[in-house]
Structure formats: C-alpha cells, structure tokens
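Student: Show me how the following folds:
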Amino acid sequence: MRRALWFLFLGFCALWSNSVQVRAEESAAAPPPAAVEKALADLSSEDPAIQDAAVLALIEQGDDGLLPRLEELRINADRGLRMALKPVIDLLRNKSKLHSPDANVRRSAAADLSVIGKPIVVIWLEDALKTEPDRWVRYTIEESVSLIKLTNNDPRITIAAATKLGELRSQNAVPLLQELAKGTGSEAGEGAVQAEPAMVARAATEAIERIESWGSWTSAIETLFRGISLSSVLLLMALGLAI
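Tutor: Got it, this is the predicted structure:
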C-alpha cells in the first residue's frame, strides 16, 4: 500500500513539473502585449507624434525578444523609420546585455546606456545594480546612473548626482560638471541650473575639485613608480658596465 502511494506521489510530482514547464514555454512563446503590437504598427506612421509615442512605448515595455522583429523591420525601412528604430534597438540590446554572463559585456552595456541617456535607463541600471557581483561593473553602473541624473531638471537630484560623481572620482563626468559649474548646463540640465544656480554650481565645483585632486595623486604615484623603474634600469646598466 505504501509503495503504491509512493508511486502515486511520484507520478503527481512528474505531472506537476511538466505542467509548470509547459506553462513557462507557453509564456516565453506568448506574443507581445497588444500595446507593444500597436507600437510596432505605429512605427510606420507618418505622424511624428505617433511615431515618437510608439518608440517610447517599445522602449518602456519591450525586451530583447522584440529585436528579431525590429531588425526585420529595419531591413526594408526608409530612412525615417530606420532612424526611429535605431534608439529602440540599441536600448533593448544593451538592456539585455546588462544580464550577460560576461562582466566586460555588462560593463560596456552600462557605459553605452549612459551615453543614450534616456530616463527609463536609470530604472534598468538600478535593477541590475541590485544583483551585480563585479566591483568594476558596479562602479560603471553607478557612474552611468549619476551621469544621467546630472541632467535632471530637479536641482536636488542634480546636486546628489554631482556629489556621487565626485565620490566616484569620475573623469567622464568632468565636462558636464564644468558646464554646471559655469551655469551653462546641457539642455536637460538648464532647468536645474536656473532654479538653484549657486547650489548646483557649488556641488559641481566641489565634485571637480575632488576628481582633479584624486587625478593629481594618481599621477604623482604613477610618476614615482616610473622614476623608480627607470632608476632600477639605470642601476642595472651601470652594474653591467662596471662588470
């Protein structure tokens, strides 16, 4: 009796496992949501507003599963559609690369996403940061998030981003920080500068000073080691000549 019950239990477990696997496969093969399908269709619209809304919807709701369809659309697309497709493809591809098993790929994707600079990217990067084990990938993600936030219209976010970039000693941030320190800013960041010019400029200036101070220290140490290395070479040459 016990043996029969044991076999019955094993059979139930096998059936449950198969049903879970089938549901997972069906979910993976499921078509994109209706909103994504509509956005794919709207990409071909001649109305710039509709096309822009479609691009935004695909960026916010799409994933790397859409890449084959987007690439297929790009093959026969006119110049306008290709230009609309490019940022979507680049963003979704780099979003997928954030979860690559290769740390170098993840780091490169984080850096590329900071250049694209879309606000939605911050959410992706912060989600990736929660589980990122590699020190240098974490550094690049934190730097990328702060670079994007540096152009935010909220002066509090801009100041916090400038402070973080100073802590990170981010050389990549220096050009943007210099603009903020002068009160010019980028188009997205001008709102922050106009709202709180003194506080934003001060935070940017302090961040630059911190970065440049760190750069001076590292340059001095590098020069010292070069000097020691050169001295060692000259000493060995002198010993060789003496012998």
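
Student: got the contact list for residue 44?
Tutor: By Cβ atoms under 8 Å, 6 or more residues apart in numbering, the contact set of residue 44 is residue 81. Using the backbone N, CA and C atoms, a C-beta is placed for each residue, glycine as well.

Student: Same check on residue 63?
Tutor: Residues in contact with residue 63 (Cβ under 8 Å, 6+ apart) are 92, 95, 96.

Student: ok, the last one to residue 40 distance?
Tutor: Applying Cβ to Cβ, to the nearest Å, the value for residue 96 to residue 40 is 18 Å.

Student: Next: the first one.
Tutor: The gap separating residue 92 from residue 40 is 13 Å, by Cβ to Cβ.

Student: so what's in contact with those two at the same time?
Tutor: Common neighbours of residue 92 and residue 40, counting by Cβ under 8 Å, 6+ apart, are 58, 66.

Student: that older thread, going by how many neighbours each has, rank residue 96 and residue 40 and give me the top one.
Tutor: Shown here are residue 96 and residue 40; by other Cβ atoms under 10 Å, residue 40 has more neighbours (19 against 15).

Student: secondary structure element for the more buried one?
Tutor: Residue 40 belongs to helix 34-42 when elements are defined using DSSP states H and E.

Student: What residues sit buried inside that helix?
Tutor: The neighbour-count check on helix 34-42 (16 or more other Cβ atoms under 10 Å) flags 36, 39, 40, 42 as buried.

Student: Return the residues in contact with the second one.
Tutor: Read it as residue 39. Applying Cβ under 8 Å, 6+ apart, the residues near residue 39 are 53, 54, 55, 57, 58, 61, 62.

Student: can you tell me which of those are in helices?
Tutor: Applying DSSP state H to the contacts of residue 39, the entries found in helices are 53, 54, 55, 57, 58, 61.

Student: now, among those, which is nearest to residue 176?
Tutor: Comparing these against residue 176 with Cβ to Cβ places residue 55 closest, at 24.9 Å.

Student: Isn't that closest one up against residue 87?
Tutor: Yes. Using Cβ atoms under 8 Å, residue 55 is in contact with residue 87, at 6.8 Å.

Student: Of the two, which one has the most company?
Tutor: residue 55 (21 against 14).

Student: pretty sure residue 210 contacts residue 166?
Tutor: Yes. Counting by Cβ under 8 Å, residue 210 touches residue 166, with 4.0 Å between them.

Student: So between these two, which is more surrounded?
Tutor: Relative neighbour count places residue 166 above the other of residue 210 and residue 166, with 23 against 17, counting by other Cβ under 10 Å.

Student: pretty sure that one is touching residue 205, no?
Tutor: No. Taking contacts as Cβ under 8 Å, residue 166 lies outside contact range of residue 205: 9.7 Å.

Student: element containing the residue nearest to residue 167 when sequence neighbours are not counted, please.
Tutor: Of all residues not flanking residue 167 in the chain, residue 210 sits nearest, at 7.4 Å (Cβ to Cβ, 6 or more residues apart in numbering). Counting by DSSP H and E, the element that carries residue 210 is helix 197-242.
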